[in-house]
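1. need coordinates for the below:
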Amino acid sequence: MNSLITISLEQGLIFAVLAIGVFITYKILDFPDMSVEGTFPLGAFIFAKFITNGFNPITSTIFAFIFGSLAGIITYFLHIKMKMASLLAGILTMTILYSVNLRINSKANIPLYNNSSIFDYGNKIVVLVIIVLIIKILMDLFLKTEIGYLLIATGDNETLVKSLGVSCDKFKLLGLVLSNGIVAISGALMAQSQGFSDINMGTSIIVSALASIIIGDTILKRSTKIKGTTRAILGAISYKLIGGFAIDLGFAPTDLKAISAAIVIIFIGYNNMSLFNFKRNIKER
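-> Model (predicted):
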């Protein structure tokens with residue numbers, strides 16, 4: 001049981017990085033970006049490419065962020081320049097990245113057991129906590145800048161941003177670049193944690209990310225002082241712990257995707273019922 005909780009906590013921290021990335025598009029920009037299902041394994045494959053060519057794990061992880069950011073540019077180009085719907089642009093980027101990921105190392109699965117990882121620098125959970133906190137703090141500081149406020153405003157009210165004489169497109173580009181770059185870091189961390197990168201590791205990853213965000217919002221929805229990034233982190237850890245407890249109760253690992261979907265359904269249903277009851281109470285008054 002203790003080992004199961006430890007593994008769930010480790011994965012929860014890795015998914016916390018993923019959740020922060022998706023938080024930018026899903027919560028801030030209100031952009032359903034499906035490309036993360038390709039960006040997550042892209043980060044893993046880029047890391048594998050550089051680490052197997054003699055680079056150190058920190059540099060390899062940074063390269064994962066850079067190449068992940070480039071994936072965000074593809075989605076931006078398809079959506080803004082080619083005038084495609086956001087959902088379709090993300091799906092097409094994800095499809096393109098599937099072939100790109102296979103091209104990077106010419107294999108669908110790259111073992112990394114004999115290579116160094118970022119976890120060689122200390123205890124795995126401690127290293128992950130430090131990484132998550134660094135990303136969270138940097139993200140929070142960025143969102144307090146003028147550019148950060150305009151990014152938030154772009155998702156809330158594009159008309160307002162345009163009235164200021166500012167182009168919304170460049171902030172959408174910035175959001176997609178940051179989001180996919182952070183998601184790629186999560187993929188690189190997962191590859192280092194499990195000791196391999198696999199072409200299918202991004203399958204349904206968007207569900208896990210959204211589940212983390214939804215759980216974080218649900219658990220702490222009455223608190224106005226807790227930042228969105230903190231909610232995403234706590235939601236991701238809770239989500240993986242719930243999955244770990246489900247396995248401990250006797251569910252098979254093959255049931256995890258169904259469990260993930262059930263978690264999302266339950267929390268969305270709870271949120272919708274709470275909203276319905278709130279509106280009904282307002283009307284009765």
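
2. how about the strands of the chain, start to end?
-> Counting by DSSP state E, the chain has strands at residues 109-111, 196-198.

3. deepest of those strands, which one?
-> strand 196-198 (a mean of 22; mean count of other C-beta atoms under 10 Å). Just so you know, the C-beta spots here come from the backbone N, C-alpha and C atoms, and that holds for glycine as well.

4. on contacts alone, who are the packing partners of that one?
-> In terms of contacts (3 or more C-beta pairs under 8 Å, 6 or more residues apart in numbering; DSSP states H and E), strand 196-198 is packed against helix 36-51, strand 109-111.

5. could you dump these into TSV and include mean pLDDT?
-> Shown next, in TSV, are the helices and strands packed on strand 196-198 (pLDDT from 0 to 100):
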stretch	mean pLDDT
helix 36-51	96
strand 109-111	93
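
6. can you add distance to G181 and give these back as a markdown table?
-> Below are these laid out as a markdown table (distance: least, C-beta to C-beta, whole Å):
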| stretch | distance to G181 |
| --- | --- |
| helix 36-51 | 8 |
| strand 109-111 | 21 |
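
7. quick one: which of those is nearest G195?
-> When the helices and strands packed on strand 196-198 are compared by C-beta to C-beta, strand 109-111 sits nearest G195, at 6.9 Å.

8. contacts for the closest one?
-> In this structure, residues lying in contact with strand 109-111 by C-beta atoms under 8 Å, 6 or more residues apart in numbering are F45, A48, T52, A191, G195, F196, S197, D198, I199.

9. quick one: residues contacting A209.
-> Contacts here follow C-beta under 8 Å, 6+ apart; on that basis A209 touches F15, L18, A19, G21, V22, Y26, V36, V183.

10. show me what contacts K172?
-> By C-beta under 8 Å, 6+ apart, K172 lies in contact with L29, F31, Y76, H79, I80, T154.

11. distance of it from M94?
-> 18 Å (C-beta to C-beta, to the nearest Å).

12. hang on, the earlier thing: what is the nearest of the contacts of K172 to G216?
-> Nearest member of the contacts of K172 to G216, counting by C-beta to C-beta, is L29, at 17.6 Å.

13. pLDDT value on the residue nearest to I237 when sequence neighbours are not counted, please?
-> In space, and not counting its chain neighbours, I237 is closest to G12: 3.6 Å by C-beta to C-beta, 6 or more residues apart in numbering. G12 carries a pLDDT value of 94.

14. shouldn't G12 be in contact with A236?
-> Yes. Using C-beta atoms under 8 Å, G12 makes contact with A236 at a distance of 5.3 Å.

15. how near is F65 to K81?
-> From F65 over to K81 the distance is 24 Å, taken as C-beta to C-beta.

16. okay, those two: which has more neighbours?
-> Set F65 next to K81 and count neighbours by other C-beta atoms under 10 Å: F65 wins out with 20 against 10.

17. run through the residues that contact the more buried one.
-> F65 neighbours (C-beta under 8 Å, 6+ apart): G43, G181, I182, A184, I185, A188.

18. please name the nearest non-neighbouring residue to it.
-> Nearest to F65 is G181, by C-beta to C-beta, 6+ apart, at 4.5 Å.

19. one step back: any chance of the contacts of A209 in JSON lines, plus distance to L70 and neighbour count?
-> Listed next are these as JSON lines, based on distance: C-beta to C-beta, whole Å; neighbours: other C-beta atoms under 10 Å:
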{"residue": "F15", "distance to L70": "23", "neighbour count": "28"}
{"residue": "L18", "distance to L70": "18", "neighbour count": "29"}
{"residue": "A19", "distance to L70": "22", "neighbour count": "34"}
{"residue": "G21", "distance to L70": "14", "neighbour count": "31"}
{"residue": "V22", "distance to L70": "18", "neighbour count": "29"}
{"residue": "Y26", "distance to L70": "21", "neighbour count": "22"}
{"residue": "V36", "distance to L70": "14", "neighbour count": "32"}
{"residue": "V183", "distance to L70": "12", "neighbour count": "37"}
